[in-house]
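Colleague: Based on what follows, work out the 3D shape:
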Amino acid sequence: MGTDSDPPMTEEQRLAWFEGQAEAAYDKMYDARHSTNAAALYSDAKEALYEAIGLARRLGQDAVASRLEARLAHIKAVFRSQFS
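Modeller: Numbers count the residues shown, from 1 in each chain. Next up is the predicted model:
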């Protein structure tokens, strides 16, 4: 995430980081050459979103958590329809 001299991330920055990791994995899923790679990226996207949703809930950001849950449902639906 950075060097030892970087200040620690705030909780909001961590939330954005998890969401960014999920979106990056989702984007790479389309470029995967094998279904095994797509499945691994799908798993990465889900895990990052689960972390983001949990953090949003702990921060009391229910609207953000709901938005992320909807995004997770969308990614699951896409994976099931295009990669399974």
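
Colleague: For the rest of this, base every contact and every neighbour count on C-alpha atoms.
Modeller: Will do.

Colleague: what are the ranges of the helices in this protein?
Modeller: In the chain, helices defined by DSSP state H lie at 11-29, 35-58, 62-82, listed in chain order.

Colleague: Low-confidence stretches in the chain?
Modeller: 1-4 (pLDDT under 70).

Colleague: ok, now with 90
Modeller: Scanning the chain for pLDDT under 90 picks out 1-7, 30, 33, 82-84.

Colleague: center of it, which residue is that?
Modeller: Residue closest to the mean C-alpha point of the chain, counted by Cα atoms, centre = their mean, is residue 22 at 2.4 Å.

Colleague: list the contacts for the nearest residue to that one once chain neighbours are set aside?
Modeller: Setting aside the residues directly before and after it, residue 22 is nearest to residue 45 in space (Cα to Cα, 6 or more residues apart in numbering), at 4.0 Å. Residues near residue 45 by Cα atoms under 8 Å, 6 or more residues apart in numbering: 21, 22, 23, 24, 25, 26.

Colleague: and residue 46, how far is that from residue 30?
Modeller: 15 Å (Cα to Cα, to the nearest Å).

Colleague: For stretch 75-84, give me every contacting residue.
Modeller: 26, 35, 38, 39, 42.

Colleague: So which of those residues is surrounded by the most neighbours?
Modeller: Most neighbours among the contacts of stretch 75-84, by other Cα atoms under 10 Å: residue 42, with 23 neighbours.

Colleague: Does it touch residue 25 like I think?
Modeller: Yes. The pair residue 42 and residue 25 passes the contact test of Cα atoms under 8 Å, sitting 6.8 Å apart.

Colleague: still on that earlier bit, same list, the contacts of residue 45, but as CSV with distance to residue 82 please.
Modeller: Shown next, in CSV, are the contacts of residue 45 (distance: Cα to Cα, whole Å):
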residue, distance to residue 82
21, 21
22, 18
23, 17
24, 18
25, 15
26, 13
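
Colleague: ok, those vs residue 9, which is closest?
Modeller: The closest of the contacts of residue 45 to residue 9 turns out to be residue 21 (Cα to Cα; 15.0 Å).
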